[in-house]
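In: sequence below, structure please.
(one chain, ligands or ions: 1)
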Amino acid sequence: MNICVIGAGYVGLITSLCFAKQGNRVICVDKDIEKVDKLNKGIPTIFEENLEELLNECLTSKTIFFTKDIHQTIRDSDVIFIAVGTPEMDNWDVDISQVTEVINQISYSINDYKIIVNKSTVPVGTQKYVKELLIRNGVSKDKFDIVSNPEFLREGKAIYDFLNGDRIVIGYDSEKAKMVMEKLYSTFNTKVVFTQPEAAELIKYASNAFLATKISFINEIANLCNKVGANIETVAYAIGLDKRISPEFLKAGIGYGGSCFPKDTKALVKIGEKNECDFKIVNSAIKVNEEQRLLPVKVLLDKYKSLKGKVITILGLTFKAGTNDIRESPSLFIIEELLKQGTIIKAYDSEASPEIKQIFPNIIYCHSLYDSLIDSHCAVICTDWEEFSTIDLSMLKKKMKNPMIIDGRNLLDLEEVKKNNLQYYSVGRGNWI
Ligand code: NAD
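Out: Numbers count the residues shown, from 1 in each chain. Alright, predicted model coming up:
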């Protein structure tokens, strides 16, 4: 099939490469010419497991091409995937202006029948809006069908997830489009759920809100564990043995981040509001997360009273391991608050996107883990990078001014911590500060 994917970000790039790997001819369009040039040269624009190999494999087999020319690409394609950003607005609404822009471009370029598939996460009702917009733009009804096909990949495991997802969701209102989508995904060994467009759009938000709620729930239990002397790992393990609960997403820490959970939970609350449904549970999950990500600041203030002039090391800037994505990362909120308190921040992350330097130009970026610890009053582990779990604690002790660790991801071995006599705060595994 001739496929075009509009947007070469985390979702668009992975979608393009995975469809190319399945034997389709894919053209991926992005308006960022620098991204397009790099990708055509086989240089990955994001940090993602197995990405470089797959990109080069697809370029060599000529099943993928990157371009800025949206007009010709639309004309040459049978199926058009939209994978542009849908960021959060200040009032928690979803900004779908990038989707609107793409639909206007399609309206201008469309020459014959196309299936337009929306992969971006969009509010319930967007499929209907897109259809009306195309018609308003003068595109005849028989020239297109719209499909909603939300994406569930996890950054860090994006290629694996795309090819081996738990489910593929297709919202459709035309048998012709359904058949094409069925064929397109026929090489995947994944359960496909065909449904109405509104249900498909809602499934994405409901899934993310449920997972976010699970995280906030276990974090509240972890906070209690620290007070009563229980170990969250044992508690979570035993809870997770119940098949109705499942062991996944029961890892306590300093909260979720990333480009999806924070914005999608808020979007669901907003969609609820517009439909007179008050999402009390999701609202609470959001509030718990906003407090949880600032837990290290609270611990530091309890310990030091004033943080002015204290050197704090931030270990990990990305919102989780395996990605360079810093969007909504808990570390950003921690750094922002610590700067307000007058601390000196030293930060280390071997993969974080360079955009971080634009957000915080005045912190010290270190090139090695142990350099970042020199003269530090406390190290805060914010990301679950493996490098941090294998840190040499005796070396850490020598480098730091005050050997204190706030382990926001519960990475360190408790026996090792005790052996090295460190001041240590974990999320539900004990507090020796
Ligand atoms: P992103 O910001 O990484 O990528 C979007 C890309 O679209 C950018 O490269 C941008 O330059 C390009 N773009 C925007 N307008 C364009 C236009 N008119 N023409 C050509 N290119 C254009 O975003 P992302 O993280 O890939 O997310 C995309 C969508 O997928 C969002 O709705 C998001 O909520 C959803 N989603 C993301 C993830 C994830 O883990 N990142 C997972 C599932 C779903």
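
In: which residue is the nearest non-sequential neighbour of residue 35?
Out: residue 45 (5.0 Å; Cβ to Cβ, 6 or more residues apart in numbering). From N, CA and C alone the C-beta is placed, and that goes for glycine too.

In: tally of neighbours for the residue in the stretch 1-150 of the chain positioned nearest to the ligand?
Out: Going by Cβ to the nearest ligand atom, the ligand is nearest to residue 9 of the stretch 1-150 of the chain, at 1.8 Å. The number of residues packed near residue 9 is 19, by other Cβ atoms under 10 Å.

In: phi first, then psi, for it.
Out: The phi and psi torsions at residue 9 (degrees, to the nearest 10) take the values phi -90, psi -150.

In: and residue 301, what helix or strand is that in?
Out: Using DSSP states H and E, the element containing residue 301 is helix 295-304.

In: how about residue 99?
Out: helix 97-109.

In: which residues touch that helix?
Out: With contacts defined as Cβ atoms under 8 Å, 6 or more residues apart in numbering, helix 97-109 is touched by 6-7, 70-72, 74-75, 80, 82, 84-86, 114, 116, 118, 120, 122, 126, 130, 133-134, 137-139, 144.

In: is stretch 46-63 anywhere near the ligand?
Out: No - Stretch 46-63 is not in contact with the ligand by Cβ under 6 Å from any ligand atom; minimum separation 7.5 Å.

In: how many neighbours does the nearest residue to residue 135 once chain neighbours are set aside have?
Out: Nearest non-adjacent residue to residue 135, counting by Cβ to Cβ, 6+ apart: residue 141, 6.4 Å away. The number of residues packed near residue 141 is 9, by other Cβ under 10 Å.

In: wait, isn't residue 141 in contact with residue 173?
Out: No - the criterion here is Cβ atoms under 8 Å, and residue 141 misses it with residue 173 at 11.8 Å.

In: next one: the helix holding residue 99 to chain centre, how far?
Out: 25 Å (Cα atoms, centre = their mean, to the nearest Å).

In: what's the angle from the following helix or strand past it to helix 97-109?
Out: Downstream of helix 97-109, the first helix or strand assigned by DSSP H and E is strand 114-118. Orientation check (axes from the mean of the first three to the mean of the last three Cα atoms, to 10 degrees): strand 114-118 against helix 97-109 gives 180 degrees.

In: which other helices and strands contact strand 114-118?
Out: Packing contacts for strand 114-118, counted by 3 or more Cβ pairs under 8 Å, 6 or more residues apart in numbering; DSSP states H and E, involve strand 79-82, helix 97-109, helix 126-136, strand 144-148, helix 175-184.

In: which residues touch whichever strand or helix holds residue 283?
Out: Per DSSP H and E: residue 283 is located in helix 280-292. Residues outside helix 280-292 that contact it (Cβ under 8 Å, 6+ apart) are 209, 212-213, 215-217, 219-220, 223, 253-256, 261-262, 265-266, 268-269, 272, 330.

In: list the buried ones in it?
Out: Residues of helix 280-292 classed as buried: 282, 285-286, 288-289, 292 (neighbour count, 16 or more other Cβ atoms under 10 Å).

In: check stretch 303-315 too.
Out: So stretch 303-315, judged by 16+ other Cβ under 10 Å, has buried residues 303-304, 307, 310-315.

In: contacts only, for the spatially most central residue of the chain.
Out: Most central in the chain under Cα atoms, centre = their mean is residue 258, positioned 3.8 Å from the mean C-alpha point. For residue 258, the contact set (Cβ under 8 Å, 6+ apart) comprises 155, 319-320, 325, 327-329.

In: out of the residues you listed, which one sits closest to residue 367?
Out: Distances from residue 367 to the contacts of residue 258, taken as Cβ to Cβ, are shortest for residue 329 (19.6 Å).

In: just give me the longest helix of this structure.
Out: Ranked by residue count, the top helix of the chain under DSSP state H comes out as helix 197-228.

In: and the angle for it with strand 114-118?
Out: Between the axes of helix 197-228 and strand 114-118, defined by the same axes, to 10 degrees, the angle is 20 degrees.

In: next structured bit after helix 197-228?
Out: Counting by DSSP H and E, what follows helix 197-228 is helix 232-240.

In: which strands and helices sit next to that next one?
Out: Applying 3+ Cβ pairs under 8 Å, 6+ apart, one finds that helix 232-240 makes contact with helix 197-228.

In: figure out how far stretch 192-201 is from the centre of its chain.
Out: Per Cα atoms, centre = their mean, the centroid offset for stretch 192-201 relative to its chain is 22 Å.

In: circling back to that earlier point, kindly identify which of the contacts of residue 258 also come near the ligand.
Out: residue 155.

In: between the contacts of residue 258, which sits nearest the ligand?
Out: residue 155 (4.5 Å).

In: pull the number of nearby residues for the closest one.
Out: Neighbours of residue 155 under the rule other Cβ under 10 Å: 25.

In: how far away is it from residue 273?
Out: For residue 155, the distance to residue 273 equals 29 Å [Cβ to Cβ, to the nearest Å].

In: how about residue 118?
Out: 23 Å.

In: on that earlier part again, tell me what angle the helix holding residue 283 forms with helix 197-228.
Out: 50 degrees.

In: chain center to helix 280-292, what's the gap?
Out: 18 Å.

In: which elements pack onto the longest helix of the chain?
Out: Using 3+ Cβ pairs under 8 Å, 6+ apart, helix 197-228 is in contact with helix 126-136, strand 144-148, strand 168-171, helix 232-240, helix 261-274, helix 280-292.

In: please identify the buried residues of the fifth one?
Out: With burial defined by 16+ other Cβ under 10 Å, the residues of helix 261-274 counted as buried are 261-272.

In: CA atoms of stretch 199-217 as CSV?
Out: Presented in CSV, the C-alpha positions along stretch 199-217 are these (Å, rounded to 0.1, in the frame of the first residue of the first chain):
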residue,chain,number,x,y,z
ALA,A,199,-15.5,5.0,21.1
ALA,A,200,-12.0,4.8,19.5
GLU,A,201,-11.2,8.3,20.5
LEU,A,202,-12.5,7.7,24.1
ILE,A,203,-10.6,4.4,24.5
LYS,A,204,-7.3,6.2,24.2
TYR,A,205,-8.1,8.8,26.9
ALA,A,206,-9.7,6.2,29.2
SER,A,207,-6.7,3.9,28.9
ASN,A,208,-4.2,6.6,29.8
ALA,A,209,-6.4,8.0,32.6
PHE,A,210,-6.7,4.5,34.1
LEU,A,211,-3.0,3.9,34.0
ALA,A,212,-2.3,7.3,35.5
THR,A,213,-4.8,6.6,38.2
LYS,A,214,-3.0,3.3,39.0
ILE,A,215,0.3,5.2,39.4
SER,A,216,-1.2,7.8,41.6
PHE,A,217,-2.9,5.2,43.7
